[in-house]
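In: The sequence and its predicted three-dimensional model are supplied below.
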Amino acid sequence: MNTLHEGNRMDRRDFFVKGAALAGAVILPSLAARADPAGSTVQLAQAGGGASARAGAAVTVKSVDRLVGTAISYAYAVKAGPWIFLNGHEAYDFEHGLAPEVEGPPGHRLSGRPPLRREADYILQRMRRILKEFGADLGNAVRVDQYYTMGPAVSAYHLARFAEFGQFIPPSTSIIMERCFTARTNTHTSLLAVVPGPGVTVEGIRLPNQPISASGYFPAMVVNDLVFVAGNMALKDGELPPHVKIPETRRWGGQTGFRRQVHTVIKERLEPSLKAAGSALEHSLKAQAYIRGVDNFPDFMDVWSQYFREIPCAVTLVPAKDYASSEGMIEINLIALKGGSTRRKEVVRVDIPGLATYGPCVRAGDLVFASGLMAVGRDGSVPGAANAAAFDGLSLAGRAQGAMLLDYAEAVCKAVGVTSRNIVRAQYFMTDMKDFAGVAAAWSDRFGKQPHPFAAVQVPGPLPPSGATVVSDFWVYAG
């Protein structure tokens, strides 16, 4: 059952009917014919690492064996139980690279639809087709995360998103980053959907007395007993409220502007969204915080701990280049349990050095949420840092750090009784995308041809640990 909730409810299908004509809803025949990669679908039986592992559960992977002709096996879609993870989609052909439908006629790139809109159409139409192969559609999406290289790419994507989703758009996070995975693309999207079926209920949540945003997405969505909250900033009507904004002439006085924004996001944005969805801060499971400037990481953790010191919540800190407003310094999204949930929230004890992460690992039923990880050893050093610059041609930084990150990811899997085959999404926030070749090599060294469910973008650097070049976020299924 799919509904909208704000005191009243509406069937999701009504939104598609009303929204179908928005933004020039068009299916491009040539795009639909080309975008499907000739990859493989593999059933990966869950092989547990201990007695607590459950035999018989399965993860289904859709992958391309040789990404753009390389040796990298890429898991662009993973179905785990009722969940579908579409990972790191950009507007290129998984097998062949640049797609003519996106690039335009040779020598006439500006001919036809705007290039940024062509990118967005390509991504979303391919996503829709993949979801249908799993028995779902865009209407079953419950969270979408986007990274862009520029503001105009956001505008083009929103037009395409209205055209494909109608008006029932799931909670969304949109961040400007240094670059996408490819140097040619400007939009990077990952999506989480749920397979429809008996007992699956999806509710779109609006906040009382607040109109839905111009971007069209719901502030929160409830899927049975899980709550997905959109990325939130401290803005109101597109600007910082007076109690948050620091006058340009003021040099000090009270909390800094950044700390004010963090407090506002937690208390005045996330908390009301959770309340409207029947949840509360104490039910929080996982947050991603996109922060302007790594110098603000300590202040973020100081404010965050005031609310979450006694509330176990996994958290990932990611440097961001820009946001919907140049005044913004923080955007946070959140996953939580609904109040009274039958799922049990538990902290998973994982043997990972404290300097390698900013928070705990939390499990809720079949989903395991690790906090963001960095390649920092028990002695506080980053592996390969001394030689990384000299051997950049070997992508030594990515390879050495990737190997350590995979050590930590496997530790998470082992702690919940599954193997690396249950990693359903591996997000990498890189300070230099060229280091991804090393991360991919580390994956292949460890797991052979096991498809890599990666999503990688480039973020502003440097990272706080000296020599670190990547923040990783691993999503694990433990059903």
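Out: Alright, I've got the coordinates. Numbering: from 1, shown residues only.
In: For the stretch 351-479 of the chain, which segments are assigned as strands?
Out: 361-364, 367-369, 373-374, 423-430, 454-458, 470-477 (DSSP state E, counting those that start in this stretch).
In: got those as JSON lines, with mean pLDDT and mean neighbour count columns?
Out: Glycine gets a C-beta too; all of them are placed from N, C-alpha and C. As requested, the strands of the stretch 351-479 of the chain are arranged in JSON lines below (pLDDT from 0 to 100; neighbours: other Cβ atoms under 10 Å):
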{"stretch": "strand 361-364", "mean pLDDT": "98", "mean neighbour count": "23"}
{"stretch": "strand 367-369", "mean pLDDT": "98", "mean neighbour count": "25"}
{"stretch": "strand 373-374", "mean pLDDT": "98", "mean neighbour count": "26"}
{"stretch": "strand 423-430", "mean pLDDT": "98", "mean neighbour count": "26"}
{"stretch": "strand 454-458", "mean pLDDT": "99", "mean neighbour count": "24"}
{"stretch": "strand 470-477", "mean pLDDT": "98", "mean neighbour count": "25"}
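In: where does the residue sitting nearest the centre point of the chain fall, phi/psi-wise?
Out: In the chain, the residue lying closest to the centroid (Cα atoms, centre = their mean) is Asp145, at 4.7 Å. The phi and psi values for Asp145, taken as degrees, to the nearest 10, are phi -120, psi 130.
In: residues contacting it?
Out: By Cβ atoms under 8 Å, 6 or more residues apart in numbering, the contact set of Asp145 is 172-173, 189-191, 333.
In: on that earlier part again, so can I have a markdown table of the strands of the stretch 351-479 of the chain showing distance to Asn87?
Out: Output for those, formatted as a markdown table (distance: least, Cβ to Cβ, whole Å):
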| stretch | distance to Asn87 |
| --- | --- |
| strand 361-364 | 20 |
| strand 367-369 | 15 |
| strand 373-374 | 17 |
| strand 423-430 | 5 |
| strand 454-458 | 5 |
| strand 470-477 | 9 |
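In: Which of these sits closest to Gly69?
Out: strand 454-458 (17.0 Å; Cβ to Cβ).
In: any idea which of the contacts of Asp145 has the most stuff around it?
Out: Thr189 (26 neighbours; other Cβ atoms under 10 Å).
In: From the structure, what's the count of residues near Gly103?
Out: Check again: residue 103 is Glu, not Gly. Count around Glu103 with other Cβ under 10 Å applied: 16.
In: Which residue is the nearest non-sequential neighbour of it?
Out: Nearest residue to Glu103, sequence neighbours excluded (Cβ to Cβ, 6 or more residues apart in numbering): Arg109, at 6.5 Å.
In: Which secondary structure state is assigned to that neighbour?
Out: coil (DSSP: H, G, I helix; E, B strand; the rest coil).
In: what's the pLDDT at it?
Out: The per-residue pLDDT reported for Arg109 equals 92.
In: returning to that earlier point: of all the contacts of Asp145, which comes closest to Pro453?
Out: After measuring the contacts of Asp145 against Pro453 - Cβ to Cβ - the closest member comes out as Ser190, at 9.9 Å.
In: packing partners for the helix or strand containing that closest one?
Out: According to DSSP states H and E, Ser190 maps onto strand 187-194. If you count contacts as 3 or more Cβ pairs under 8 Å, 6 or more residues apart in numbering; DSSP states H and E, strand 187-194 packs onto strand 83-89, helix 115-133, strand 141-148, helix 151-165, strand 454-458.
In: Distance of Pro460 relative to Met177?
Out: Taking Cβ to Cβ, to the nearest Å as the measure, Pro460 falls 8 Å from Met177.
In: scratch that, Ser371 is what I was asking about
Out: 20 Å.
In: What ranges does the stretch 151-300 of the chain have for its helices?
Out: 151-165, 257-264, 271-276, 297-308 (DSSP state H, counting those that start in this stretch).
In: Now do whichever helix or strand comes after the last one against strand 470-477: the angle between them, please.
Out: So the one you mean is helix 297-308. Sequence order places strand 314-319 as the next helix or strand after helix 297-308, per DSSP H and E. Taking axes from the mean of the first three to the mean of the last three Cα atoms, to 10 degrees, one finds strand 314-319 and strand 470-477 inclined to each other by 150 degrees.
In: Just give me the neighbour total for the residue lying closest to Lys79 once chain neighbours are set aside.
Out: In this structure, Lys79 finds its nearest non-sequential neighbour in Thr60, 4.3 Å apart by Cβ to Cβ, 6+ apart. The tally of other residues near Thr60 (other Cβ under 10 Å) stands at 16.
In: now swap in Gly253 and tell me
Out: 8.
In: Ok, the one 10 residues further on next?
Out: The burial metric for His263, expressed as a neighbour count using other Cβ under 10 Å, is 18.
In: separation between it and Pro241?
Out: Distance from His263 to Pro241, by Cβ to Cβ: 12 Å.
In: cool, and Arg309?
Out: Taking Cβ to Cβ, one finds Arg309 at 26 Å from Pro241.
In: The two: which has the busier surroundings?
Out: Pro241 (13 against 8).
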